[in-house]
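Enquirer: coords below, sequence missing:
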């Protein structure tokens with residue numbers, strides 16, 4: 001055996017029994033940095049000249065094979081050697097090269113494996129080409145080599161979605177040659193290579209496989225489906241063009257076509273938006289409390305209320321490894337809550353998220369639905385999830401204050417209510433925090449962690465630790481009506497209501513927002529959520545409403561008729577029995593016309609451009625106020641909130657990133673123009689004025705925070 005002398009620092013070369021071992025060791029995820037690319041290139045060159053080595057195995061040291069590109073190189077000019085060239089040299093080797101996969105082989109990592117002649121994977125491993133989620137496509141041969149192994153339909157599925165597949169599915173799709181048991185990829189690679197030597201197998205180049213005849217109808221069908229699903233995002237659609245090149249062109253020309261499309265996407269605004277989203281989701285965890293406090297113990301939690309929200313939180317907590325005690329007001333309600341939790345866990349089994357054995361163990365050993373608050377005496381954290389009524393919540397917190405141990409955290413799940421007022425009703429305001437879960441709580445990724453005036457630092461970091469256990473993205477928010485997300489929702493929804501009263505139809509507004517990239521427009525969202533929810537909030541705030549505020553009564557007129565949206569079959573839209581997609585309702589338009597007449601408003605037309613300008617200006621202006629007031633720590637926290645909880649198109653990066661792209665001077669000019677109609681609503685935020693007038697950006701604030 002040759003001594004493990006490094007070819008370059010993160011790649012080591014050695015030989016054992018005629019097998020060259022090329023170890024990639026670039027913690028934490030063996031990312032394809034320039035040094036790794038250079039090391040692989042040099043190792044393959046050394047292997048070609050090494051008379052002792054008859055076959056090579058490339059494997060990753062540590063927890064994974066190669067998990068993709070090095071995020072530290074994002075946004076920087078790529079340095080030689082370029083990954084496509086390295087992979088081409090691996091594939092061109094006269095002697096066989098085996099990729100031994102474990103952990104994750106993603107993006108460029110899988111492309112390296114596809115360039116090898118054989119692939120073995122541990123049973124726990126996963127593979128994927130997730131580049132479309134960053135606004136690009138596989139640019140090192142993935143779109144040309146994968147269809148040669150898996151066929152067109154599987155390649156179209158994996159590349160346009162970016163989804164990962166487990167070892168067994170990768171085997172079924174012919175992406176790998178063998179699934180090995182155990183936890184040692186190096187050993188699995190050696191064993192497989194020895195077998196290949198015995199069988200005298202030669203280099204088997206993926207690029208030389210005939211992909212077969214193109215199915216033109218298949219590509220047409222996928223373009224239609226993906227275009228509809230992508231909602232304006234380019235990379236999944238462009239990826240189809242690259243995959244099609246594998247059938248239309250020889251490999252060398254297909255690789256050139258792939259690289260051309262890759263380069264085109266690299267320079268796009270969409271790629272910039274998706275990269276911003278990627279880094280913003282990581283940056284939101286950087287909070288002031290993180291440097292000074294340590295999370296409290298978090299093993300046993302309680303939940304008050306077993307309705308849709310409480311049961312969803314319970315399922316998320318159980319899946320995160322926590323023991324859950326759920327409290328309901330009586331035995332029948334507790335049994336209904338248990339049944340709902342069981343149903344949601346069954347849904348997880350059906351979708352392959354957990355095994356039947358794990359579901360059974362969670363229900364038997366980690367979950368209880370009871371009626372006695374004393375069952376929470378040893379809980380580390382209790383989440384109140386009753387309906388949005390301050391008096392009811394205060395009553396719950398008084399009972400929790402009496403039974404929970406010292407040091408237990410008391411959390412309120414609220415969308416709007418004042419966390420400080422709730423905290424003041426207890427003897428332990430430092431232990432009180434707000435959690436704004438989004439429904440369904442076991443599915444939605446966002447968790448607003450609402451920090452009160454007296455919430456202690458260790459309670460805040462425990463909230464973020466809980467989010468991590470629940471696989472959620474936590475965003476720190478201050479106390480105000482609606483926090484970050486619902487305060488923004490209230491502002492841009494008002495802009496939509498004003499446009500309706502002035503002449504736009506709700507259906508025109510929804511269509512404009514869907515064309516922008518939202519999955520649904522604001523009126524369809526209201527029907528889905530239930531118009532009665534916002535109606536209760538309007539009635540709650542009516543006594544304190546500023547008399548200067550413009551009030552649109554259309555939604556109240558609908559609610560007065562009992563039209564609460566999908567659940568009643570009628571809201572802004574008319575829903576046929578069992579339908580989730582509504583139709584425009586002429587009676588709603590008549591109600592809107594009557595409201596205009598009563599106020600003496602002469603309706604005018606709005607085109608989609610003006611609808612977007614007003615909607616986005618209202619959102620961005622309120623967001624600037626939220627940052628200015630310290631409710632959000634940084635503009636990027638607003639972006640993550642809107643991306644993860646409110647359907648803002650991810651490829652646009654969030655409202656603050658979008659504002660920077662449009663230009664803050666342009667947003668400010670719109671606001672000043674609209675303010676001539678309604679100064680109370682449209683007056684620009686001071687922060688926005690300051691940034692626009694000095695040529696600054698929201699991105700500047702992200703960097704300085």
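Expert: Yes, it's here. Computed from a predicted model, the values in this text were never measured in an experiment.
Enquirer: contacting residues for the closest residue to residue 243 other than its chain neighbours?
Expert: Using CB to CB, 6 or more residues apart in numbering and skipping the chain neighbours, the partner closest in space to residue 243 is residue 143 (5.0 Å). Glycine gets a C-beta too; all of them are placed from N, C-alpha and C. By CB atoms under 8 Å, 6 or more residues apart in numbering, the contact set of residue 143 is 137, 155, 159, 239, 242, 243, 245, 246, 254, 258.
Enquirer: show the average pLDDT along stretch 235-249.
Expert: When pLDDT is averaged over stretch 235-249, the result is 98.
Enquirer: same check on stretch 655-673?
Expert: Per-residue scores along stretch 655-673 average to 98.
Enquirer: what does it rub up against?
Expert: Under CB under 8 Å, 6+ apart, the answer for stretch 655-673 is 269, 272-273, 276-277, 280, 488, 613-614, 616-617, 619-621, 623, 635-636, 638-639, 642, 648, 652-653, 682-684, 688-689, 691-693, 696-699.
Enquirer: show me where the stretch 551-700 of the chain has its helices.
Expert: Remark: helices assigned in the stretch 551-700 of the chain by DSSP state H, counting those that start in this stretch are 554-560, 586-599, 608-628, 635-645, 655-662, 664-675, 679-682, 686-693, 698-704.
Enquirer: distance between stretch 691-699 and the chain's centre?
Expert: Counting by CA atoms, centre = their mean, to the nearest Å, stretch 691-699 is centred 28 Å from the centre of its parent chain.
Enquirer: please apply the same query to stretch 203-219.
Expert: 33 Å.
Enquirer: repeat for stretch 541-558
Expert: 34 Å.
Enquirer: burial of residue 79, as a residue count?
Expert: Residues contacting residue 79 under the criterion other CB atoms under 10 Å number 12.
Enquirer: can you give me the pLDDT of residue 310?
Expert: So residue 310 comes in at 96 (pLDDT).
Enquirer: so it: helix, strand or coil?
Expert: Assigned by DSSP: H, G, I helix; E, B strand; the rest coil, the conformation of residue 310 is helix.
Enquirer: thought it was touching residue 329?
Expert: No: Residue 310 lies out of contact with residue 329 (CB atoms under 8 Å); the separation is 11.8 Å.
Enquirer: so what are the domain limits for the chain?
Expert: For the chain, the structural domains run 6-266, 298-477, 485-704, going by automatic domain parsing.
Enquirer: what's the span of the shortest one, first residue to last?
Expert: So the one you mean is domain 298-477. End-to-end span of domain 298-477 (CA to CA, to the nearest Å): 21 Å.
Enquirer: any idea how far the closest residue in space to residue 705 that isn't next to it in sequence is from residue 665?
Expert: Spatial nearest neighbour of residue 705, chain neighbours left out: residue 634 (4.3 Å); criterion: CB to CB, 6+ apart. Separation of residue 634 from residue 665 (CB to CB, to the nearest Å) stands at 21 Å.
Enquirer: between those two, who's got more neighbours?
Expert: residue 634 (22 against 12).
Enquirer: you'd agree the more buried one is up against residue 702?
Expert: Yes: in this structure, residue 634 is within contact of residue 702 by CB under 8 Å, at 5.2 Å.
Enquirer: what is in contact with these two at once?
Expert: Jointly contacting residue 634 and residue 702 under the rule CB under 8 Å, 6+ apart are residue 283.
Enquirer: returning to that earlier point: how far out from the middle of the chain is the one helix or strand the residue nearest to residue 243 maps to?
Expert: Residue 143 belongs to helix 142-150 when elements are defined using DSSP states H and E. Its chain's C-alpha centre and that of helix 142-150 lie 27 Å apart, by CA atoms, centre = their mean.
Enquirer: cool, stretch 239-253 as well?
Expert: With CA atoms, centre = their mean, you get 30 Å for stretch 239-253.
Enquirer: residues near residue 263, how many?
Expert: For residue 263, the count of nearby residues is 11 (other CB under 10 Å).
Enquirer: let me see the contact set for residue 623.
Expert: Per CB under 8 Å, 6+ apart, neighbours of residue 623: 488, 632, 635, 638, 655, 656.
Enquirer: which pair in those residues spans the largest distance?
Expert: Greatest spatial distance in those: 488 and 635, 12.3 Å, computed using CB to CB.
Enquirer: can you say which helix or strand has the closest residue to residue 230 other than its chain neighbours in it?
Expert: Excluding its sequence neighbours, the residue lying closest to residue 230 (CB to CB, 6+ apart) is residue 236, at 4.7 Å. Residue 236 belongs to helix 235-248 when elements are defined using DSSP H and E.
Enquirer: just checking, what packs against that helix?
Expert: helix 142-150, helix 152-161, helix 216-230, helix 251-266 (3 or more CB pairs under 8 Å, 6 or more residues apart in numbering; DSSP states H and E).
Enquirer: return the most buried member of the ones you listed.
Expert: Mean neighbour count (mean count of other CB atoms under 10 Å) peaks for helix 142-150 among the helices and strands packed on helix 235-248, with a mean of 26.
Enquirer: who wins for proximity to residue 114 among the helices of the stretch 551-700 of the chain?
Expert: Of all the helices of the stretch 551-700 of the chain, helix 635-645 sits nearest to residue 114, with 31.3 Å by CB to CB.
Enquirer: contact partners of the closest one?
Expert: Helix 635-645 is touched from outside by 276-277, 280-281, 283-284, 438, 444-446, 448, 473, 475-477, 484-485, 488, 619, 623, 626-627, 632, 648, 650, 653-657, 698-699, 701-702, with contacts defined as CB under 8 Å, 6+ apart.
Enquirer: if we use 6 Å, what do you get?
Expert: 277, 280-281, 283-284, 438, 445-446, 473, 475, 484-485, 623, 627, 632, 648, 650, 654-657, 698, 701-702 (CB atoms under 6 Å, 6 or more residues apart in numbering).
Enquirer: leaving out sequence neighbours, find the closest residue to residue 164.
Expert: Using CB to CB, 6+ apart and skipping the chain neighbours, the partner closest in space to residue 164 is residue 128 (3.6 Å).
Enquirer: tell me how far the one you found lies from residue 175.
Expert: Applying CB to CB to residue 128 and residue 175 gives a distance of 10 Å.
Enquirer: those two: which is more packed in?
Expert: residue 175 (26 against 22).
Enquirer: doesn't the more buried one fall inside a strand?
Expert: No: secondary structure of residue 175 (three-state DSSP): coil, not part of a strand.
Enquirer: quick one: pLDDT of it?
Expert: With respect to pLDDT, residue 175 has a value of 98.
Enquirer: so how far is residue 235 from it?
Expert: Distance, residue 175 to residue 235, using CB to CB: 21 Å.
Enquirer: cool, residue 59 as well?
Expert: Using CB to CB, residue 59 is found at 30 Å from residue 235.
Enquirer: same check on residue 484?
Expert: As judged by CB to CB, residue 484 and residue 235 stand 28 Å apart.
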